[in-house]
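Enquirer: dropping the sequence and predicted coords here.
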Amino acid sequence: MAFYDKLFSALGLSEWCGTSDDKAPLSLADLAAQAGGEEASGPLMPIPSFDNLHESCNRIWQSRDVTNGIEEGFLAAKPVLKTVLDPITQPLSWMLDGALWLFEAMPWFIMVPLLVAISWYASRSRPVTIFVAVSIMLLAVVDHYDVAMQTLSIIFVCTTISVLFGVPIGIAMSKSDRLQKSVIPLLDLLQTLPTFVYLIPLIFLFSVTESKLYGIAIILYAIVPVIRLTDLGIRLVDQDVIEAANAFGMNDRQKLMRVQLPLALPNIMAGINQTIMMSLAMVVIASLVSAPGLGVNVLRGIRNLELGVGIVAGIGIVLLAVILDRVSKAALTRVDKTQVKH
Amino acid sequence: MTQPMVRLSGLYKIFGARDKDVLQHVKGGMGKEELLAQHGHVLGLNNINVDMQAGEITVVMGLSGSGKSTLIRHLNRLIEPTAGEIIVQGEDVMQLSEDGLRHARQEKMSMVFQKFALLPHKTVLKNAGMPLSVRGEDEATCDREAAKWLDRVGLSGFENHYPAQLSGGMQQRVGIARALSANTPIMLMDEAFSALDPLIRTDMQDLLLELQKELHKTIIFITHDLDEALKLADHLVILKDGFVVQQGEPQHILLNPSDPYIEDFVSDINRARVLRVRSVMTPLGGDKVPADAHGEVDVNDTLESMIARSGGDTSHAYIVKDGEQTVGTLDMTELVRALVPRVASKAGARQS
């Protein structure tokens, strides 16, 4: 005799509910009750949840039907999604594989000086450049050079794609309040969704051996800040300067290229910095779905309780993060000409 | 009279969502406060009719909130009017297409802003050449013109600095050089010197007058400073709560204020410095020149210089010359009388 029986009979729904011959599988609590031989005595008034109502009325779903429904719905949509998404995202796999191949095939005595040179070109800061050189050599000395390069190549591809898509989306959002209002909840969702949850639907859609699986997860997670800060940066451009641009007869394209984007550049660069950091965070988690790199070693450390392996790989990730952060921040300060003083 | 360079007729601007609907109330005589209280709309401009002549400096003066900045933004349609006509060089600005309007902004009207509004990421040279590069001129032309005008406003040597490296006065010189390099017949100056400190402001006013002597642009100058207005204006328009209280020749307004509001305004002015001999002299009636004249003076001398010259003796009289021609006589007693405002700080004028 369940608590809500009276409710359904009072509503005259006993007929509709049908007899309580339970064909649905038992819940775990029921099994426990049967095994214990005791009456499942709940609280005084149980929460009117699906499971509790189901006990009184067969027609009501059980909560497991909800999760099953979502799963079945997704599986039903899967063939369509797959036919659409597979070809579109295929270039991502090629880019990731290509970058991985390139970063690994490049001999270290070319790659390391190249990375140092890029750091110098971007930051024009001697301490930062020296730090980059020392960090890479440290990684190389403990034989983590290859995995670090794999991680770097994935970040390189994913950040580039995030910027290529994120900046135009941000520009479009800054032009249209309606678009901004509709995109922001989506960005909130992408930013707050636990990182592991990204992987679940993707595993269903794509094979775990394809690199685009983790590529998509990283891009979805990392694209958010660059979109947000591009939108914000353009909206924050001094209205007086925009008015001057209008007064001298600039068209929309001239305004965008000559005024809005250059003045929003510090904000956009801050967004790119965040995007790089977030792809690094995600690339570690993506090692769960076969993303190569330092994350694999971290995972090995956890799985096999190899403390040393995990910690060395973890420190490697920290070094990479600091390198990427310092170089992109130094580049940011350099482009921010509005701060120039005497 | 020739066609004015800019003609505003029946211009109204009401800020709010239903501006066209509440326009009839304003036309029916509703004031700014009532409109805000009853309909929640802000009255910006109320039946403005102003002709701005080619080659003159038209100064629009008013306190903050009087609608002067709104007015100047109507000339190049940075703000759309609720009703009325804006005719520039015989062409109705309201009829222009988007391209036509952009073209007019590039070729006909350039603007100088209170807050300079320079591009912070571009050098002074590129800022000054911006109007030309917007038109699609090649870089060499832009740089050449920009350098020429920067030199003209006294900024040669600063071409490769960034705006943030310059003082306010120098930044506004860049703003002026930018407007000049556009080579437009009309220049709109929105409180161009208000953000500068007084000495620099005087320098900039002198610079503007000097440039104007050479270039003969049609300048529309917005200010809240009566001294500045009187110094620069060929034609003075005084705005209050969105309507024109009085307009005309500045000396005439100073001597014949039509409204307590303006009397109040002009009562604080150093009249001896602003008024000129031509405004207070007695025009030559017939041919009699006083025999006891103490000398000859120019029509454009200030009263201040006359007082200094006469040593404060009110019995003196002078012959007024416009170039070679004798145009009138000046009695120092008349001059002293003109120094006192017609209604000398009448009590309560300030409250009206």
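Expert: Yep, that arrived. Residues are numbered from 1 along each chain as shown, chains lettered A, B, ... in the order given.
Enquirer: how about the residues of the stretch 51-200 of chain B by chain A?
Expert: Contact residues (C-beta under 8 Å from any C-beta of the partner chain) of the stretch 51-200 of chain B with chain A: B:76, B:78, B:101-106, B:109-111, B:113, B:115, B:117-121, B:130-131, B:134-135, B:162, B:164-165, B:178, B:182, B:188. In this view, the C-beta of every residue, glycine as well, is placed from N, C-alpha and C.
Enquirer: the lengthiest helix in chain A - contacts with which helices or strands?
Expert: Identified as the longest helix of chain A according to DSSP state H is helix A:63-105. Packing partners of helix A:63-105 (3 or more C-beta pairs under 8 Å, 6 or more residues apart in numbering or on different chains; DSSP states H and E): helix A:50-56, helix A:145-175, helix A:195-205, helix A:211-235.
Enquirer: switch the cut-off to 6 Å
Expert: helix A:145-175, helix A:211-235 (3 or more C-beta pairs under 6 Å, 6 or more residues apart in numbering or on different chains; DSSP states H and E).
Enquirer: after it comes which helix or strand?
Expert: helix A:108-123 (DSSP states H and E).
Enquirer: tell me the buried residues in that next one?
Expert: A:111-112, A:115-116, A:119-120, A:122-123 (16 or more other C-beta atoms under 10 Å in any protein chain shown).
Enquirer: repeat that for stretch A:177-186.
Expert: The neighbour-count check on stretch A:177-186 (16+ other C-beta under 10 Å) flags A:180, A:183 as buried.
Enquirer: quick check: mean pLDDT across that stretch?
Expert: With pLDDT averaged residue by residue, stretch A:177-186 scores 95.
Enquirer: and it, how far out from the chain's middle?
Expert: With C-alpha atoms, centre = their mean, to the nearest Å as the basis, stretch A:177-186 stands 19 Å off its chain's centre.
Enquirer: which secondary structure state does B:Val336 sit in?
Expert: helix (DSSP: H, G, I helix; E, B strand; the rest coil).
Enquirer: now do the same contact list for it.
Expert: Residues in contact with B:Val336 (C-beta atoms under 6 Å, 6 or more residues apart in numbering or on different chains) are B:Thr314.
Enquirer: where does it land on pLDDT?
Expert: 84.
Enquirer: longest helix in chain B, by residue count?
Expert: Longest helix in chain B, counting by DSSP H: helix B:198-215.
Enquirer: give me the contact list for that helix.
Expert: B:169, B:193, B:231.
Enquirer: tell me the strands beside the helix or strand just after it, with direction?
Expert: In the C-terminal direction, the helix or strand that comes right after helix B:198-215 (DSSP H and E) is strand B:218-223. Here strand B:218-223 is paired, per DSSP bridges, with strand B:57-61 (parallel), strand B:186-190 (parallel).
Enquirer: now distance to B:Gly312 and mean neighbour count too, for the ones you listed, in JSON lines please.
Expert: Output for the strands paired with strand B:218-223, formatted as JSON lines (distance: least, C-beta to C-beta, whole Å; neighbours: other C-beta atoms under 10 Å in any protein chain shown):
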{"stretch": "strand B:57-61", "distance to B:Gly312": "32", "mean neighbour count": "25"}
{"stretch": "strand B:186-190", "distance to B:Gly312": "39", "mean neighbour count": "24"}
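Enquirer: save those as TSV, and put in mean pLDDT too.
Expert: Shown next, in TSV, are those (pLDDT from 0 to 100):
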stretch	mean pLDDT
strand B:57-61	94
strand B:186-190	94
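Enquirer: so which of those comes closest to A:Leu199?
Expert: strand B:186-190 (56.9 Å; C-beta to C-beta).
Enquirer: next up, identify which helix or strand the closest residue in space to A:Asn251 that isn't next to it in sequence is on.
Expert: Closest residue in space to A:Asn251, ignoring its immediate chain neighbours: B:Arg102 at 6.3 Å, by C-beta to C-beta, 6 or more residues apart in numbering or on different chains. Using DSSP H and E, B:Arg102 sits in helix B:98-107.
Enquirer: that helix: what's the following helix or strand?
Expert: Downstream of helix B:98-107 (by DSSP H and E), the next one is strand B:109-112.
Enquirer: packing partners of that following strand?
Expert: helix B:168-181, strand B:186-190.
Enquirer: partners of that strand in the sheet?
Expert: With DSSP bridges as the test, strand B:109-112 pairs up with strand B:186-190 (parallel).
Enquirer: quick one: contacts of the strand it pairs with?
Expert: B:69, B:72, B:75, B:108-114, B:179, B:217-222.
Enquirer: same check on stretch B:313-325?
Expert: B:277, B:281, B:289-290, B:293-297, B:299, B:310, B:326-328, B:330-333, B:336.
Enquirer: what about it, start to end distance?
Expert: Terminal residues of stretch B:313-325 lie 26 Å apart, using C-alpha to C-alpha, to the nearest Å.
Enquirer: what's the neighbour count on the residue lying closest to A:Asp86 once chain neighbours are set aside?
Expert: Leaving aside its sequence neighbours, A:Asp86 sits nearest to A:Phe206 (C-beta to C-beta, 6+ apart; 7.5 Å). Residues near A:Phe206, counting by other C-beta atoms under 10 Å in any protein chain shown, number 21.
Enquirer: surely A:Phe206 and A:Leu213 touch.
Expert: Yes - judged on C-beta atoms under 6 Å, A:Phe206 makes contact with A:Leu213 at a distance of 4.5 Å.
Enquirer: wait, B:Val22 touches B:Leu36, no?
Expert: No - proximity of B:Val22 to B:Leu36 does not meet the contact threshold set by C-beta under 6 Å, at 10.5 Å.
Enquirer: ok, these two, which is more surrounded?
Expert: B:Val22 (20 against 14).
Enquirer: for that one, list the residues it contacts.
Expert: Counting by C-beta under 6 Å, 6+ apart, B:Val22 has contacts B:14, B:39, B:41.
Enquirer: related to what we said a few turns ago, which one (most neighbours) among the contacts of helix B:198-215?
Expert: In the contacts of helix B:198-215, the most neighbours by other C-beta under 10 Å go to B:Phe193, 27 neighbours.
Enquirer: and residue 307, how many neighbours?
Expert: Assuming you mean chain A. Count around A:Leu307 with other C-beta under 10 Å applied: 9.
Enquirer: actually it's chain B I care about, not the one you picked
Expert: Around B:Ile307 there are 17 residues (other C-beta under 10 Å).
Enquirer: what strand or helix carries it?
Expert: helix B:303-310.
Enquirer: same for that helix, what does it pack against?
Expert: Helix B:303-310 packs on helix B:271-274, going by 3+ C-beta pairs under 6 Å, 6+ apart.
Enquirer: average pLDDT across the helix it packs on?
Expert: 81.
Enquirer: before we move on, what about stretch A:264-283?
Expert: Rounded mean pLDDT across stretch A:264-283 is 92.
Enquirer: mind listing what's buried along that stretch?
Expert: Buried, per 16+ other C-beta under 10 Å, within stretch A:264-283: A:264-280, A:282-283.
Enquirer: which of these fall within helices?
Expert: Checking the buried residues of stretch A:264-283 against DSSP H, those in helices are A:264-280, A:282-283.
Enquirer: tell me which element the nearest residue to B:Glu85 once chain neighbours are set aside falls in.
Expert: Nearest residue to B:Glu85 in three dimensions, chain neighbours excluded: B:Ser9, at 4.8 Å (C-beta to C-beta, 6+ apart). Per DSSP H and E, B:Ser9 falls inside strand B:6-15.
Enquirer: by how many degrees do that strand and strand B:218-223 diverge?
Expert: 40 degrees (axes from the mean of the first three to the mean of the last three C-alpha atoms, to 10 degrees).
Enquirer: how far is strand B:6-15 from where the chain is centred?
Expert: 18 Å.
Enquirer: same check on stretch A:297-310?
Expert: 24 Å.
Enquirer: could you work out the end-to-end span of that stretch for me?
Expert: 6 Å.
Enquirer: quick check: mean pLDDT across it?
Expert: Rounded mean pLDDT across stretch A:297-310 is 92.
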